[in-house]
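**Student:** Structural data only, the sequence is not supplied:
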């Protein structure tokens, strides 16, 4: 029954979603067997490999058009600040949604992430362009108190769980982009942009607050064009000094 369910699921959803269901079921059946609720674990020996997929990352032009799609209105200034934070600091959607003004240091350009993924605190960073957009938004925020949410409704309330995604999808359509850009796509953008400009995997890992380099290595694959260009300037054999022929007409064996 479980094999039939997983096979049917893989035909209907993305591989990563099917694998999430597999992991949940595997944990549950192991618990059932361990606590005596089942005589044996029905998933013992059943293996589903994790999909090795690469994230879809928007380019610089897409982010520029997304920012330009925000009109000079109250909502537009909020949305520009929101997009800038996601694309610059690499915050996750829920980290941004729960962000309070007290968690931002506009002078030092720091974000104090409270109870992020895995209920872990951390620090994120942003540049002066994002800081300027945040100051513009702060000037018209309905209640810019330390405990107030940075991204809020007209009444100053926290945005709903899906609101940020809906806003980005709507702006993607307005910008005429070929695909919808969501919050996590902007996190991927932050990672690949940092890697392209610095080539420093450890920096990307620390900025995006990954536990290990394994997740960061996915972005290295996405920056192969830049790696190839750099290689052309540093090819080992292109920089190898080949001894000149001792005399005219001497054959050189390769």
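**Tutor:** Received it, and whenever you're ready, just let me know what you need. On a predicted model such as this, the values are computed, not experimentally measured, just so you know. Numbering: from 1, shown residues only.

**Student:** Quick check: phi and psi on residue 158?
**Tutor:** Here is the backbone geometry of residue 158 (degrees, to the nearest 10): phi -60, psi 140.

**Student:** Tell me, what's the model's pLDDT at it?
**Tutor:** For residue 158, the model assigns a pLDDT of 96.

**Student:** got a list of what the nearest residue to it once chain neighbours are set aside touches?
**Tutor:** Nearest non-adjacent residue to residue 158, counting by C-beta to C-beta, 6 or more residues apart in numbering: residue 149, 4.4 Å away. Quick note: C-beta positions are derived from backbone N, CA and C, even for glycine. With C-beta atoms under 8 Å, 6 or more residues apart in numbering as the criterion, the residues that contact residue 149 are 97-100, 156-159.

**Student:** The residues you listed, buried ones only, as a PyMOL selection?
**Tutor:** Under the burial definition 16 or more other C-beta atoms under 10 Å, those of these that qualify are selected in PyMOL by:
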select buried, resi 97+98+99+158+159
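
**Student:** which one of the contacts of residue 149 is nearest residue 79?
**Tutor:** Nearest to residue 79 among these: residue 159, at 10.9 Å, using C-beta to C-beta.

**Student:** buried residues in stretch 132-146?
**Tutor:** With the criterion 16+ other C-beta under 10 Å, stretch 132-146 contains buried residues 133-134, 137, 141.

**Student:** Stretch 209-224 too?
**Tutor:** When neighbours are counted by 16+ other C-beta under 10 Å, the buried residues of stretch 209-224 are found to be 209-210, 216, 219, 222-223.

**Student:** Stretch 63-73 too?
**Tutor:** Neighbour-count burial for stretch 63-73, with 16+ other C-beta under 10 Å as criterion, is recorded at 63, 65-67, 69-70.

**Student:** Please tabulate these in TSV, including the columns pLDDT and secondary structure.
**Tutor:** Converted to TSV, the buried residues of stretch 63-73 look like this (pLDDT from 0 to 100; DSSP: H, G, I helix; E, B strand; the rest coil):
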residue	pLDDT	secondary structure
63	96	helix
65	96	helix
66	96	helix
67	96	helix
69	97	coil
70	96	coil
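
**Student:** Check those residues and tell me the two furthest apart.
**Tutor:** Checked with C-beta to C-beta, those reach their widest spread between 63 and 70, with 11.8 Å between them.

**Student:** any shared contact partners between the two?
**Tutor:** A shared contact of residue 63 and residue 70, defined by C-beta under 8 Å, 6+ apart, is any residue touching both; here these are residue 83.

**Student:** Now do residue 193: how many residues are near it, please.
**Tutor:** 20 (other C-beta atoms under 10 Å).

**Student:** Distance check, it against residue 127.
**Tutor:** Computed as C-beta to C-beta, to the nearest Å, the residue 193 to residue 127 distance reads 11 Å.

**Student:** what does the domain assignment say about the protein?
**Tutor:** 1-53, 60-183 (automatic domain parsing).

**Student:** Flag every buried residue along stretch 117-137.
**Tutor:** Residues of stretch 117-137 classed as buried under the neighbour-count rule (16+ other C-beta under 10 Å) are 122, 124-126, 130-131, 133-134, 137.

**Student:** Just the terminal-to-terminal distance for it.
**Tutor:** Distance across stretch 117-137, first residue to last, is 26 Å (C-alpha to C-alpha, to the nearest Å).

**Student:** All set now, cheers.
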